[in-house]
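Q: my questions are about this predicted structure, shown below with the sequence.
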Amino acid sequence: MGAELLRYDGMEEEEEVWHRSDLAAFRHVENVLQATRMDPNLVDQSVMEEYYELVRIVDQSKRKSADDEAMRLMTLKALSEAVSKIDIMYHHSLLNTIFSVSIWYLQRHTMDVFLDLITRLAAVADQYLRECLQMLVNNFTPPYLMKNELPPWTVPRKKDIHFRLCESLKTISDTVPLAPMMLRDIIDRSMPKLFENKAKMVSFVECMLGLDTERMGDLIGAVLLAKVVELLTELDVSITWEDILQEEHNIGIFDMEFEDLDGDEDEDVLGQAGTKVLFGGNQCADKLDGLMVVVCEHLKSCAERGYLPKEYDILQTIFRASVLRVHRSKFAQFIMFYACSLDPEICGPQFAVFLTDIVIKREEDAISRMSAVSYVGSYLSRARFISANTVVAILERLVRWCVNYCDHQRTSGTAAIPNHQIFFATCQAVMYVLCFRLRSILRDENLKSRLFDMPFGFLLTHPLEPLKVCLPSIVNEFLRQAKDAALFNAFKDSALNDAIESDLSRTFGGIGRLDMFFPFDPYLLKESDRYMRPNFEFWYMVKTTYIDDKEDYDDELEDLDNPGMDDGSSDDDNPEVNNDPDDLDIPMDKMSITPCDSYFHQFAKESHAGPSMPAKIRPSVSPPS
């Protein structure tokens, strides 16, 4: 062992005893620990040397031979059996050495024995609980992560190490009631910071989410997921659209879903190529991309284990508290989109109902309602997994709310546009959804009948004049499809039909600059794109009611995926303000990430037909902050 072993009265030479049996070795370690449980000045020098030899064996700062590794394995086993003899005061150097071990360097059998020692130490009268938990959390990431990737030798071991760490933490939590609460605090303090590299973030979150299972989920699952979403959101808002648009290789590509779509090409390949060049070189985006992969894999695992509905409930609560009101969120919200796509029968409709409830409840705050109506409109338009039946059911609720709002105006009179923003936003969301889903709804006679029963003519010709306020691209595309589908023919009042027919010949929208946030615009992160794309509805996929003449109309189409444009109109023509109890006076820059001006807008003003749905889609982006 490199040092003379101690002799104790009644014992043979320790070197001979050490090799005789494991039991003798265990007794030897126990005796050394017992003999050093006092002031070092009172301990015989030879005993202290033997104690330091134990510390040296455990220490991993120096490379060890095969014999040294065998000795370490035996010593760790002995320490596990003798944890009751370890004293926090007199064995400080041994404990420091144990808690500084990186299990990434340990051989498999040695790792198992070492983790057994940690779990036993954690249960010793709670003396070492925090240190044991902190040591395990520290090992969520490999040591010496100097670059943005894991060291090659750690990659094949990562999954196994994460599994063993999680099992150890679960064992401790089952043994020590205080452990879960302490673990939550330790993880909170140890969460990666925005400036840390991607490899560390990904490794840490991967291991952390491994704790969110049936066994541990009830104890800390919600907290773990909330911390991850918080990190995603922080990274998300750190990405500015200005930074993205200034990347030279993205000019002309980022702004579009597809550039020069060729129908003869494989659209999956085209889609991947289009996405992979969209977000290169941005560090925050790259980190967010990697973490989105981790979270999506976690949700996928939950679905495979039948655990998704419970996880979704937690995720929905987190979304409500941390994401819904974030007006600059660009990608973090897609965890909800992906979770719903994994369970389109339950979670998919549930999310739409959840958002609609927020929209129509007066007790909800104004910003949440405006954000929710943006979400529900974008979600129903883009989620391919949502059935037409669900779409119609949600539209019925939204239209009914709008009608009730209009009825209220009959007694209170009209008010200035800023005070009706929730009404206008809801009308806009309804039209936006129908731009994407109208033709699919018309295929079902029952759904078609329900749709034709909705009082669109009443709403769109109401004195509040939503057609003059909602975004031009949405208004014109909706009116064109609605006319082609004879959606307004159900109204017998010729005055209504004449008014709507007149609307079709005029350019509308944007008087009140109703800029809107479309949170499920095309997804632009290259690595995690594969989780969203199969269930995402791009505009070029949409079959409109006028599909037969779509090719001839393509050159006239303008932008709907970036419909927030300013036509330069002032608010001077707006009616006077009143005090409606459901009026909302919301500064739009607090929730909109749609640009207020672009060269596309100028095209919209000059077009005789007015702006309309695009052949090439551009994501809504944030105004300068």
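A: Received it, and whenever you're ready, just let me know what you need.

Q: ok, which stretches of the stretch 101-250 of the chain are helices?
A: 108-122, 129-138, 155-175, 179-190, 198-209, 214-216, 222-238, 241-245 (DSSP state H, counting those that start in this stretch).

Q: ranking the ones you listed by burial, who's on top?
A: helix 198-209 (a mean of 22; mean count of other CB atoms under 10 Å). No exception for glycine: its C-beta is placed from N, CA and C like everyone else's.

Q: list of residues touching that helix?
A: Here helix 198-209 makes contact (CB atoms under 8 Å, 6 or more residues apart in numbering) with 140-142, 145, 147-150, 158, 162, 165-166, 187, 190-192, 224-225, 227-228, 231, 283, 286-287, 290-291, 293-295, 298.

Q: ok, now how distant is the nearest residue to Trp104 once chain neighbours are set aside from Ala78?
A: Among residues not flanking Trp104 along the chain, Pro142 sits closest, at 5.0 Å (CB to CB, 6 or more residues apart in numbering). Relative to Ala78, Pro142 is positioned 28 Å away (CB to CB, to the nearest Å).

Q: what of Leu54?
A: 9 Å.

Q: same thing with Thr545?
A: Applying CB to CB to Thr545 and Ala78 gives a distance of 79 Å.

Q: for Cys402, same thing?
A: 75 Å.

Q: these two: which is more packed in?
A: Cys402 (27 against 24; other CB atoms under 10 Å).

Q: so is the more buried one in a helix, a strand, or just coil?
A: helix (DSSP: H, G, I helix; E, B strand; the rest coil).

Q: can you check Phe517 too?
A: Secondary structure for Phe517, judged by three-state DSSP, is coil.

Q: what's the local residue count around Pro349?
A: With other CB under 10 Å as criterion, Pro349 counts 19.

Q: what sits up against the one helix or strand it maps to?
A: Using DSSP states H and E, Pro349 falls within helix 347-360. Outside helix 347-360, the residues within contact range by CB under 8 Å, 6+ apart are 308-309, 312, 316, 320, 324, 336, 339-341, 364, 368-369, 372-373, 375-376, 379-380, 383, 385-387, 390, 394, 397-398, 401, 422, 426.

Q: just the CA coordinates of it, formatted as PDB?
A: Extracted as PDB, the C-alpha positions of helix 347-360 are listed here (Å, rounded to 0.1, in the frame of the first residue of the first chain):
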ATOM      1  CA  CYS A 347     -53.900  17.200 -24.700                       C
ATOM      2  CA  GLY A 348     -54.400  18.800 -28.200                       C
ATOM      3  CA  PRO A 349     -58.000  20.000 -27.600                       C
ATOM      4  CA  GLN A 350     -57.300  20.700 -24.000                       C
ATOM      5  CA  PHE A 351     -54.700  23.300 -24.800                       C
ATOM      6  CA  ALA A 352     -57.100  25.000 -27.200                       C
ATOM      7  CA  VAL A 353     -59.900  25.100 -24.600                       C
ATOM      8  CA  PHE A 354     -57.400  26.300 -21.900                       C
ATOM      9  CA  LEU A 355     -56.500  29.300 -24.100                       C
ATOM     10  CA  THR A 356     -60.100  30.000 -25.100                       C
ATOM     11  CA  ASP A 357     -61.100  30.100 -21.400                       C
ATOM     12  CA  ILE A 358     -58.500  32.800 -20.800                       C
ATOM     13  CA  VAL A 359     -59.700  34.900 -23.700                       C
ATOM     14  CA  ILE A 360     -63.400  35.000 -22.700                       C
END
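
Q: just checking, what packs against whatever helix or strand comes next after that helix?
A: With elements assigned by DSSP H and E, the helix or strand that comes after helix 347-360 is helix 366-382. Judged by 3 or more CB pairs under 8 Å, 6 or more residues apart in numbering; DSSP states H and E, the packing partners of helix 366-382 are helix 347-360, helix 388-412, helix 421-442.

Q: quick one on the thing from earlier: let me know the pLDDT of the residue nearest to Trp104.
A: Pro142 carries a pLDDT score of 87 in this model.

Q: with His298 instead?
A: Confidence score, pLDDT, at His298: 95.

Q: that one against Leu211, yeah?
A: No - between His298 and Leu211 there is no contact under CB atoms under 8 Å: 10.7 Å.

Q: what's the overlap in contacts for Leu54 and Ala78?
A: The overlap between the contact sets of Leu54 and Ala78 (CB under 8 Å, 6+ apart) consists of Val29.
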